[in-house]
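Participant: I'll drop the sequence and a predicted model, then ask my questions.
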There are 2 protein chains.
Amino acid sequence: MDEQQLSRTFAALADPTRRDLVARLAVGDATLTELASSYDVSVQAVSKHLKVLEGAGLVRRTKDAQRRPCHLEAEVLDLMTGWIERRRREAEERYQRLDDVLARMAADEAADSDPAPRTREGEAS
Amino acid sequence: MDEQQLSRTFAALADPTRRDLVARLAVGDATLTELASSYDVSVQAVSKHLKVLEGAGLVRRTKDAQRRPCHLEAEVLDLMTGWIERRRREAEERYQRLDDVLARMAADEAADSDPAPRTREGEAS
DNA sequence: CTCTTTGTCAACCGCAAGGTTGAATAAGCG
DNA sequence: CGCTTATTCAACCTTGCGGTTGACAAAGAG
């Protein structure tokens, strides 16, 4: 059910401006106008970006008079790295399994039953 | 300059179907129809998804007769984790710095009754 | 050669993303 | 109080995404 959370977080970081905002906030909190001054888009656009980051749980906006300092909520990033590392590990395991190599050879043999030159099934020439 | 690469990779994984495809391919290579059978969308839609993943460098399609096995290129994932971990570390460092706590206190004080609101570290690094 | 399997290409649709401008709200400042 | 600053809300526009259907290419299988 945190699939949505994952989607939102990945989508949030898919935008270069938003990534830059996160990078900027990783260093220190900042307000909208402070942040917006770094980009050539309107303040409203940056506000929207921040709202997206907020929706992804990556940013929390606190209240201070009429300005609203943004704070990076870095723990959410662990959700992503968790997901990624899992796939990474699975792929690694698979790569190292002997069964896999054998299965690959069998599959090749089934595909074209000739004495094939075995490197990897990849580059067809 | 691999900003684009990052954007493409994050965007690719922002879609739940695509994430599932990656998860599926992390376990083992598969063809289009094999993969498509798991989802309730058309084969063409899945093909598009694979093309996106391919564009992000996450998948490589090899040729085998009329079918095209898909293989996960897991190293690209490291690009993301690299970026993420960097921000994570920066945020962590910042959190642990004493200066930061002091600045926070000063900022709080500034909010209440303040003569010198210039305590925030700007865009130094 | 014909038929079936596997996958791609092309055109189209609905919708949300990212951007704009313009007006509105909220809170310190003179 | 009225003005300025900081932020948001609302309407609108253009693009791209994820999906569809329909036609087409390529390569085994009969």
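Facilitator: Yep, it's here. Here the structure is a predicted model, which is why all the values come from computation and not from measurement. Numbering: from 1, shown residues only, chains lettered A, B, ... in the order given.

Participant: Now stretch A:7-15 - C-alpha only, PDB.
Facilitator: In PDB, the C-alpha atoms belonging to stretch A:7-15 read as follows (Å, rounded to 0.1, in the frame of the first residue of the first chain):
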ATOM      1  CA  SER A   7       5.300   6.300  -7.000                       C
ATOM      2  CA  ARG A   8       5.000   9.800  -5.600                       C
ATOM      3  CA  THR A   9       8.500   9.900  -4.300                       C
ATOM      4  CA  PHE A  10      10.100   8.600  -7.600                       C
ATOM      5  CA  ALA A  11       7.900  11.000  -9.600                       C
ATOM      6  CA  ALA A  12       8.900  13.800  -7.400                       C
ATOM      7  CA  LEU A  13      12.600  13.200  -8.000                       C
ATOM      8  CA  ALA A  14      12.100  12.700 -11.700                       C
ATOM      9  CA  ASP A  15      12.000  16.500 -12.200                       C
END
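
Participant: and that stretch with DNA strand D, contact?
Facilitator: No: Stretch A:7-15 lies out of reach of DNA strand D by CB under 7 Å from any atom of the strand, never closer than 8.5 Å. (Each C-beta comes from the backbone N, C-alpha and C, glycine too.)

Participant: How far off centre is that stretch?
Facilitator: Averaging C-alpha positions (CA atoms, centre = their mean, to the nearest Å) puts stretch A:7-15 7 Å from its chain's average.

Participant: Next: stretch A:52-65.
Facilitator: Put simply, stretch A:52-65 sits 19 Å off its chain's centre (CA atoms, centre = their mean).

Participant: okay, it in CSV with CA atoms only?
Facilitator: Only the C-alpha atoms of stretch A:52-65 are listed here, as CSV (Å, rounded to 0.1, in the frame of the first residue of the first chain):
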residue,chain,number,x,y,z
VAL,A,52,4.7,18.0,-4.9
LEU,A,53,7.7,17.3,-2.7
GLU,A,54,5.4,17.8,0.3
GLY,A,55,2.9,15.4,-1.1
ALA,A,56,5.7,12.9,-1.5
GLY,A,57,6.6,13.4,2.2
LEU,A,58,10.0,14.7,1.2
VAL,A,59,9.4,18.2,2.5
ARG,A,60,7.6,19.7,5.5
ARG,A,61,6.6,23.3,5.6
THR,A,62,6.4,25.0,9.0
LYS,A,63,4.9,28.3,9.8
ASP,A,64,6.8,31.4,10.7
ALA,A,65,5.0,34.6,10.4
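
Participant: And DNA strand C, is that stretch touching that?
Facilitator: Yes: using CB under 7 Å from any atom of the strand, stretch A:52-65 reaches DNA strand C at A:52, A:65.

Participant: Where do the helices of chain A begin and end?
Facilitator: Ranges of helices in chain A, per DSSP state H, are A:3-13, A:16-27, A:32-36, A:43-55, A:76-96, A:98-111.

Participant: Thank you kindly, that will do.
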